[in-house]
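S.K.: coords please:
(one chain, ligands or ions: 2)
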Amino acid sequence: MAQLSDDCFAFGGPMMSVDEAVGLITTRVNAIADLETVALVDADGRVLAHDIAAHLPLPPFTNSAVDGYAVRNADLPQSTEQALPLDGRIQAGGLAQAPIKPGHTARIFTGAPMPLGAETVFMQEDVRVDKSGKVVLPPGLKPGANVRPAGEDIPEGYVALRAGQRLRPQHVALAAAFGLTSLDVVRRIRVAVFSTGDELASPGEPRAASQLFDSNRFMLMAMLRRLGCEVSDLGILRDERTSLAHGLKQVAGDHDLILTTGGVSTGEEDHVKAAVESVGSLVLWRMAIKPGRPVAMGVIDGTPLIGLPGNPVASFVTFVHVVRPTVLALAGSLPEPHLPIPVRAAFTYRKKEGRREYVRASLRRGKDGTLEVIKFPREGAGLLSSLVETSGLVELGEDITQVEPGQDVGFLFYADLL
Ligand code: AMP
Ligand code: MG
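M.R.: Ligands and ions are numbered 1, 2, ... in the order given. Sure, this is the predicted structure:
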């Protein structure tokens with residue numbers, strides 16, 4: 001477990017910016033050192049434990065990039081076409097029997113090793129074979145054309161994958177290209193997830209007239225899984241300090257992170273704060289983010305706890321900015337900052353200076369064919385439809401106070417948030 005001190009989430013200021021929150025998490029959360037070895041087919045989404053240097057250049061040998069005819073550079077036609085006799089045929093996976101003879105050309109196929117002495121390949125579409133069977137080559141081809149030199153992709157010894165890389169399919173492909181069969185990765189981060197609230201019923205259980213089904217827990221568990229976590233679904237805790245405290249304390253020992261949703265405001269029926277304080281330490285981060293409200297950060301027996309707000313959209317947005325960096329820090333992952341892409345706004349919006357806002361929005365083609373972004377028509381932080389019927393978030397920085405149609409704004413796809 002990543003042992004944290006009780007005061008590790010302490011923060012002096014009244015309002016915390018999103019950047020301050022991420023900075024604090026990155027510096028104060030310790031990475032877990034436990035590793036495991038996984039087969040390549042199971043490596044997607046895991047965090048690489050060690051640097052991997054190329055012990056093999058890629059490509060491993062110089063080969064043809066096209067189906068065609070290989071020649072020595074000395075035999076490249078200069079100003080008129082030249083007919084050269086054929087000498088040899090090399091398929092992918094085969095080897096030339098001898099170096100290419102001067103004044104000759106060899107039939108070669110994509111991926112086949114270049115015969116010794118051959119330096120350039122003519123594409124088969126650019127040549128013709130004359131009546132005598134000679135290959136007629138056009139003038140003007142650049143020396144070295146259509147050849148992939150050994151190591152042109154990755155030279156031997158180059159550190160091609162870095163420790164902390166969150167593996168995606170292309171990284172797995174690179175490991176396979178080096179001939180590796182397994183990778184050392186950080187073990188999965190174990191996260192305990194609770195919902196809190198007397199108004200919640202679990203799907204599949206009876207729902208009283210004054211209750212709604214718990215949706216956040218399923219959203220958060222799905223988000224955690226996308227981050228590669230092992231999730232313990234611990235159900236719903238009632239709005240009652242003692243049972244909350246007991247439930248949280250029980251899971252601290254065998255999880256790396258405790259995540260709750262609901263009950264972190266300062267109302268009389270928000271009991272998470274008092275519960276955590278009775279078994280550990282807690283600070284409320286008033287983050288300058290909308291939707292958001294306070295996020296609770298705590299430590300129970302050395303295990304970090306994050307208490308997200310109950311409103312689904314606030315829960316979603318604060319997950320992205322607080323839980324994601326925490327999970328990445330626990331896994332020793334390289335930072336993966338979000339980079340909103342500029343898109344033309346097709347809406348008007350007013351906001352307060354000094355806080356960052358995330359507006360649920362979708363992209364569409366404007367009348368002139370350019371991409372533009374439209375805002376979901378309603379704003380409530382409880383509207384699940386607003387997350388379902390949009391494709392991402394417009395990020396409006398702290399300095400912005402208004403958006404007018406035609407202005408560029410930064411857009412983040414939901415698909416890129418985790
Ligand atoms: P709270 O943060 O506990 O004050 O809750 C704020 C709002 O979010 C209330 O309307 C709750 O009913 C709602 N809410 C809290 N937890 C959940 C949950 N797990 N799933 C769906 N809605 C929730
Ligand atoms: Mg509540």
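S.K.: so after the top strand by length along the chain, what's the next helix or strand?
M.R.: Longest strand of the chain, by residue count under DSSP state E: strand 356-365. Next along the chain after strand 356-365, taking DSSP states H and E as the criterion, comes strand 371-375.
S.K.: residue 238 - how many residues pack around it?
M.R.: 15 (other CB atoms under 10 Å). C-beta here means a position set from N, CA and C on the backbone, and glycine is covered the same way.
S.K.: the stretch 101-250 of the chain against ligand 1: which residues are in contact?
M.R.: 195, 197, 199, 200, 214, 215, 216, 217 (CB under 6 Å from any ligand atom).
S.K.: biggest separation within those, which pair?
M.R.: 199 and 217 (13.5 Å; CB to CB).
S.K.: if you count what's nearby, which of these two comes out ahead?
M.R.: residue 217 (26 against 15).
S.K.: pull up the pairing partners for the longest strand of the chain, direction included.
M.R.: Within its sheet, and counting by DSSP bridges, strand 356-365 is paired with strand 289-290 (parallel), strand 371-375 (antiparallel), strand 392-396 (antiparallel).
S.K.: quick check: mean pLDDT across that strand?
M.R.: The average pLDDT within strand 356-365 is 97.
S.K.: what does it rub up against?
M.R.: Contact with strand 356-365 is made by 17-18, 288-291, 313, 317, 343, 346-347, 349, 351, 371-376, 386-387, 389-398, 411, as judged by CB atoms under 8 Å, 6 or more residues apart in numbering.
S.K.: which ChimeraX command selects the buried ones in these?
M.R.: Buried members of the contacts of strand 356-365, defined by 16 or more other CB atoms under 10 Å, are picked up in ChimeraX with:
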select :17,18,288,289,290,291,313,317,343,346,347,349,351,372,373,374,375,376,386,387,390,392,393,394,395,396,398,411
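S.K.: restrict the contacts of strand 356-365 to contacts with ligand 2.
M.R.: Filtering the contacts of strand 356-365 for proximity to ligand 2 by CB under 5 Å from the ion leaves nothing.
S.K.: can I see the domain layout of the protein?
M.R.: In terms of domains, the chain is parsed into 18-34+189-330, 37-58+154-186, 63-148, 341-416 (source: automatic domain parsing).
S.K.: pLDDT of the shortest one, averaged?
M.R.: Right, the one you point to is domain 37-58+154-186. If you average the pLDDT values across domain 37-58+154-186, you get 98.
S.K.: so where's the stretch 151-300 of the chain shaky on pLDDT?
M.R.: By pLDDT under 70, the stretch 151-300 of the chain has no low-scoring segment.
S.K.: can you show me the strands along it?
M.R.: Assigned by DSSP state E, counting those that start in this stretch, the strands in the stretch 151-300 of the chain fall at 159-161, 182-186, 190-196, 200-201, 212-213, 230-237, 257-261, 281-285, 289-290, 295-300.
S.K.: just these: most buried one?
M.R.: Most buried of the strands of the stretch 151-300 of the chain, by mean neighbour count (mean count of other CB atoms under 10 Å): strand 257-261, with a mean of 28.
S.K.: buried set for the longest strand of the chain?
M.R.: Those buried within strand 356-365 under the rule 16+ other CB under 10 Å are 356, 357, 358, 359, 360, 361, 363.
S.K.: looking at those, which is nearest residue 158?
M.R.: Using CB to CB, residue 363 comes nearest to residue 158 of those, at 37.5 Å.
S.K.: returning to what we had before: can you redo the strands paired with strand 356-365 as a markdown table with distance to residue 101?
M.R.: Formatted as a markdown table, the strands paired with strand 356-365 follow (distance: least, CB to CB, whole Å):
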| stretch | distance to residue 101 |
| --- | --- |
| strand 289-290 | 72 |
| strand 371-375 | 57 |
| strand 392-396 | 61 |
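S.K.: which residues touch the residue of the chain found nearest ligand 1?
M.R.: Distance from ligand 1 to each residue of the chain (CB to the nearest ligand atom) is smallest for residue 310, at 2.5 Å. With contact taken as CB under 8 Å, 6+ apart, residue 310 is in contact with 196, 197, 216, 261, 262, 263, 264.
S.K.: who wins for most neighbours among those?
M.R.: residue 261 (30 neighbours).
S.K.: for residue 220, see how far away the residue of the chain closest to ligand 1 is.
M.R.: In this view, residue 310 and residue 220 are 11 Å apart by CB to CB, to the nearest Å.
S.K.: shared neighbours of the two, anything?
M.R.: residue 261.
S.K.: correct me, but residue 409 touches residue 342?
M.R.: Yes: contact criterion CB atoms under 8 Å: residue 409 and residue 342 qualify, at 7.2 Å.
S.K.: excluding its backbone neighbours, what's nearest the closest residue to ligand 2 within the stretch 101-250 of the chain?
M.R.: Nearest residue of the stretch 101-250 of the chain to ligand 2, counting by CB to the ion: residue 197, 4.0 Å away. Nearest residue to residue 197 in three dimensions, chain neighbours excluded: residue 262, at 4.5 Å (CB to CB, 6 or more residues apart in numbering).
S.K.: the one you found contacts residue 195, doesn't it?
M.R.: Yes: applying CB under 8 Å, one finds residue 262 in contact with residue 195, separated by 6.0 Å.
S.K.: now do the shared contacts for the two.
M.R.: residue 216.
S.K.: what's the helix or strand for residue 38?
M.R.: Applying DSSP H and E as the criterion places residue 38 in strand 35-39.
S.K.: in that strand, what's buried?
M.R.: Neighbour counts over strand 35-39 (16+ other CB under 10 Å) mark residue 38 as buried.
S.K.: which secondary structure elements does it sit against?
M.R.: The contact analysis (3 or more CB pairs under 8 Å, 6 or more residues apart in numbering; DSSP states H and E) places strand 35-39 against strand 182-186.
S.K.: I am finished for the moment; much appreciated.
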